[in-house]
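Student: Predicted model, plus sequence, below.
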Amino acid sequence: MSAPAVQLGLEVAYLSDVGAVRSENQDACAELQNGSGARLLVVADGMGGHRGGATASRLAVETLAQVFRAGGLAGPDLLREGFVRANERVCMAAQSDAELTGMGTTAVALLFEPAAGVWVAHVGDSRAYRMRDGVLQQLTRDHSTVAELVSRGLISEAEAADHPRRNEILRSLGVSPQVEVDIAAVDVRADDQFILCSDGLSGVVAAEQIAAVLSRTPPHEAVRLLVEGANANGGPDNVTVMIAAMPGARSALRAPAPRGRDIRPLALATAVVAAALLVVLTCLWWWGVPR
């Protein structure tokens with residue numbers, strides 16, 4: 001796999017919230033940069049009891065950060081190694097502590113490298129999107145029961161939103177000694193915006209609403225509005241949102257020009273009248289001068 005080179009002038013913002021129902025935030029996220037100038041964004045959504053979920057997501061993010069900062073790997077190799085090690089660490093922690101038995105976490109990561117480009121990796125139903133020219137595109141495919149049912153044509157997207165099995169995850173970190181990680185290169189252009197989120201956002205706020213917020217709002221405001229939107233829609237889960245705007249993205253967020261009356265015709269008419277008046281005055285002066 002290959003990816004285009006990318007200039008790294010990212011504007012990054014993120015926010016994580018407990019939601020309107022839960023008593024503890026079991027999501028974790030991180031924005032990281034290493035010595036080569038690469039950037040790594042990670043969101044993890046833990047599951048597995050009061051302690052388990054928070055522990056699993058934290059261990060996953062910490063392990064990915066360690067692999068990223070250690071150097072020696074790049075692109076898909078770095079992401080694959082990070083996810084595999086995170087899976088091993090969460091799995092071992094669950095086996096060594098009875099209170100953590102059965103814990104696991106979903107995770108999604110975006111890797112921005114100056115030479116290699118941009119890569120996305122994920123396990124579970126935490127998502128990555130790209131916003132381009134007003135269109136929001138999902139870059140990841142949920143590893144979930146309802147996503148499989150939709151892909152097979154057995155249910156519609158609308159039915160998936162309220163399906164009784166919508167919370168069933170088919171892949172996660174830490175539940176099994178082996179894990180399959182989906183990794184893909186991502187096409188990048190100036191003005192692109194990327195969003196990572198837990199299902200506390202994607203499961204509650206429609207894609208059209210997410211796109212509308214990204215279209216009109218800079219990242220630091222957009223993350224707040226999206227979290228507030230999730231909570232306004234019931235906030236049934238923890239919600240974490242990360243946004244990365246590529247260089248040039250601010251131009252897409254400029255306010256539209258005022259729609260007041262166009263003054264150019266009036267200005268032109270005024271100029272014509274002034275010129276005519278000047279000609280008349282000049283003629284009157286000329287005629288009044290004694291010969």
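Tutor: Sure, I can see it.

Student: three-state assignment of L154?
Tutor: Three-state call for L154 (DSSP: H, G, I helix; E, B strand; the rest coil): coil.

Student: Same question for L73.
Tutor: Classification of L73 using three-state DSSP returns coil.

Student: For it, the count of nearby residues, please.
Tutor: L73 is flanked by 14 other residues according to other C-beta atoms under 10 Å. Using the backbone N, CA and C atoms, a C-beta is placed for each residue, glycine as well.

Student: The residue nearest to it when sequence neighbours are not counted: helix or strand, and which one exactly?
Tutor: Nearest residue to L73 in three dimensions, chain neighbours excluded: E81, at 5.6 Å (C-beta to C-beta, 6 or more residues apart in numbering). Assessed by DSSP states H and E, E81 sits inside helix 75-96.

Student: Also L32?
Tutor: Assignment of secondary structure by DSSP H and E places L32 within strand 27-33.

Student: Report the buried residues of that strand.
Tutor: Residues of strand 27-33 classed as buried: D27, A28, C29, A30, L32 (neighbour count, 16 or more other C-beta atoms under 10 Å).

Student: Paired strands for the helix or strand just after it, with orientation please.
Tutor: Sequence-wise, the next helix or strand downstream of strand 27-33 (DSSP H and E) is strand 39-47. Strands adjacent to strand 39-47 in the sheet, as given by DSSP bridges, are strand 27-33 (antiparallel), strand 104-113 (antiparallel).

Student: picking that back up, my read: the residue nearest to L73 touches A74, true?
Tutor: No. Using C-beta atoms under 8 Å, E81 makes no contact with A74, being 10.4 Å away.

Student: More neighbours: the two, which one.
Tutor: Ranked by neighbour count (other C-beta under 10 Å), E81 and A74 place E81 first, with 18 against 15.

Student: any idea how far the strand holding L32 is from the chain center?
Tutor: In terms of C-alpha atoms, centre = their mean, to the nearest Å, the centre of strand 27-33 is set 13 Å apart from its chain centre.

Student: do stretch 222-231 as well
Tutor: 12 Å.

Student: which stretches of the chain have low pLDDT?
Tutor: For the chain, applying pLDDT under 70 flags the ranges 1-8, 146-147, 149-151, 155-166, 249-291.

Student: The residue nearest the centre of the chain is in what secondary structure piece?
Tutor: For the chain, the residue nearest the mean C-alpha position is I195 (0.6 Å; C-alpha atoms, centre = their mean). Using DSSP H and E, I195 sits within strand 193-197.

Student: Let's have the strands paired with strand 39-47 in TSV, adding distance to T55.
Tutor: Compiled in TSV, these are given as follows (distance: least, C-beta to C-beta, whole Å):
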stretch	distance to T55
strand 27-33	10
strand 104-113	9
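
Student: so which of the ones you listed gets nearest P219?
Tutor: Of all those, strand 27-33 sits nearest to P219, with 11.5 Å by C-beta to C-beta.

Student: Residues contacting that closest one, please?
Tutor: With C-beta atoms under 8 Å, 6 or more residues apart in numbering as the test, strand 27-33 has contacts from 12, 14, 16, 39-46, 54, 57-58, 60-61, 64-65, 68-69, 105, 196, 198, 200, 238-240, 242.
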